[in-house]
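Asks: Just the structure for this:
(one chain, ligands or ions: 5)
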Amino acid sequence: MKINSTETVIGDLEMRERRVKADIVRDTSGDTENAPQKVRNKLQTSKELHRRLAVIDEEIIRVFNSERGEPEILYDTALHLLQAGGKHVRSLITALSCEAVGGTFEEALPYAVATEFVQTASLIHDDVIDDDDKRRGVESTHKKFGSRMAILAGDLLVARAVKLVSQHATPELLDIVATTGVKMCEGEALDILMYIVEPGLLTKESYFEVVRRKTVSFMRGAARAGATIGKATEEQIEILNSYGEQMGYAFQLRDDILDVIASETSTGKTALSDLKGNKTNYVLIHALSESSEDEVNKCTELLKEGKTDFALELIRRSGAVEHASALAQEYAEKAKDAIRNKGLLNEDLLFVLADHAGERDF
Ligand code: IPE
Ligand code: IPE
Ligand code: MG
Ligand code: MG
Ligand code: MG
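Replies: Ligands and ions are numbered 1, 2, ... in the order given. Next up is the predicted model:
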């Protein structure tokens, strides 16, 4: 049941690895141009989500372009990744959480746009930190425009998000945005501190601490904001908070799995980025926890030289992808459990989004 797609993943692991390597060897920039469209198509399997995604998409660009200043290059830099799309999972959480408690999609829309401004800013900066070349199927912002302009473009998007929220919302909502931002910075900083440590020394406990801040806090904040806009009761806010929280763990675990098994063509992002850059990745941490001390040392040394073959061998041998996939789906189930039969108005759509977080392959 839960791990249907995991079995496929495991069965496909070798084939996918070969594809990843082939992608790295050949220039896939042509292929990856199609990735955002693919991303869109899959979430749009639900007509209801499709409708919301289309409106959010259009609104992001409309709002951004409604206040363009100078120099033009700064605005073009910020627009580069906004235009490339993205899955819009956090803004959907906001919109659906608002509607879940009786609010309207329209009420949540400005906040959904602000959420995507912050999300895009965090990714522009994350790609500088991780030195990744590809994002949302296009060149990462700093590769195209240089790190200096990319950093400023990220700052601009955060400032625009604050402006947008302040025009439409209360101090309480501003506080949610600010708290989310603080936690995300802490998580990203911890992530940097962790990957300069030997990968063999990373523990699952420290991994989950990083994820709680860098990913979970944003998902939880998105749910809390939506619920607050929809005038939820305290109890409803707690229910949706918990949904966002479990979604966050599912989402990041799946992200780590995709780093290992997926090609650039499917994710639109640099493949094997975590392994090559010695970055925190649950799949690797699990594989190392199942390996001997000698293997851990050998793997660590090889990864430092950018050689991933032995790490992939340990991952395959330990069944780490299968284990992580089951865990991601468990978190997605927990997200669904948190909201099941609680009288929310769109439980079915929130379920679709939770399943997506735990099983997505893009
Ligand atoms: C990437 O987020 C950062 C992580 C927390 C893994 P997404 O995978 O949601 O990125 P977009 O917005 O869809 O491009
Ligand atoms: C980034 O995590 C989370 C953020 C807060 C931006 P990752 O570094 O794993 O995200 P990707 O894989 O580059 O999207
Ligand atoms: Mg990254
Ligand atoms: Mg990162
Ligand atoms: Mg990642």
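
Asks: How about Asp149, nearest residue that isn't a chain neighbour?
Replies: For the record, residue 149 is Met, not Asp. Thr77 (4.8 Å; CB to CB, 6 or more residues apart in numbering). C-beta coordinates here come from the backbone N, C-alpha and C atoms, glycine included.

Asks: Look at that neighbour and say how many residues are nearby.
Replies: Neighbours of Thr77 under the rule other CB atoms under 10 Å: 25.

Asks: Give the next helix or strand downstream of the helix or strand encompassing it.
Replies: In this structure, Thr77 sits in helix 72-83 according to DSSP states H and E. The helix or strand immediately downstream of helix 72-83 is helix 89-100, counting by DSSP H and E.

Asks: tell me which parts of the stretch 101-250 of the chain are close to ligand 3?
Replies: 126, 130 (CB under 5 Å from the ion).

Asks: can you rerun that using 6 Å?
Replies: 126, 130, 132 (CB under 6 Å from the ion).

Asks: Among those, which one lies nearest to Glu72?
Replies: Asp126 (24.9 Å; CB to CB).

Asks: And the residue with the largest distance to the centre of the chain, how far from ligand 3?
Replies: The C-alpha centroid of the chain is most remote from Asp294, which lies 33.5 Å away (CA atoms, centre = their mean). Asp294 sits 30 Å away from ligand 3, going by CB to the ion, to the nearest Å.

Asks: what about the residue in the stretch 201-350 of the chain positioned nearest to ligand 4, which SS state?
Replies: Ligand 4 sits closest to Lys279 of the stretch 201-350 of the chain, with a gap of 6.2 Å, by CB to the ion. For Lys279, the assignment made with DSSP: H, G, I helix; E, B strand; the rest coil gives coil.

Asks: Count the residues that sit near it.
Replies: Lys279: 19 surrounding residues under other CB under 10 Å.

Asks: In contact with the residue nearest to it when sequence neighbours are not counted, which residues are there?
Replies: Once flanking residues are discounted, Lys279 sits nearest to Tyr195: 4.6 Å by CB to CB, 6+ apart. With contact taken as CB atoms under 8 Å, 6 or more residues apart in numbering, Tyr195 is in contact with 277-280.

Asks: Would you format the residues you listed as CSV with pLDDT included?
Replies: Formatted as CSV, these follow (pLDDT from 0 to 100):
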residue, pLDDT
Gly277, 83
Asn278, 78
Lys279, 84
Thr280, 88
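
Asks: any chance you could map the helices in the stretch 51-200 of the chain?
Replies: 72-83, 89-100, 105-130, 141-145, 147-168, 171-195 (DSSP state H, counting those that start in this stretch).

Asks: coming back round to it: and the residue of the stretch 201-350 of the chain closest to ligand 4, what does it touch?
Replies: By CB under 8 Å, 6+ apart, the residues touching Lys279 are 130, 191, 195, 273.

Asks: let's see 10 Å
Replies: Shown in contact with Lys279 (CB atoms under 10 Å, 6 or more residues apart in numbering): 129-130, 132, 191-192, 194-195, 199, 256, 259, 273.

Asks: Distance-wise, check it relative to Ile239.
Replies: 33 Å (CB to CB, to the nearest Å).

Asks: Just the mean pLDDT for stretch 166-174, thanks.
Replies: In this model, stretch 166-174 carries a mean pLDDT of 87.

Asks: Any idea how far apart the tips of that stretch sit?
Replies: 7 Å (CA to CA, to the nearest Å).

Asks: about what we covered before: in terms of pLDDT, where does the residue nearest to Met149 sit?
Replies: Reading off the model, Thr77 has pLDDT 98.

Asks: go on, the one 3 residues further on?
Replies: What the model reports for His80 is a pLDDT of 98.

Asks: With that, I have no additional questions.
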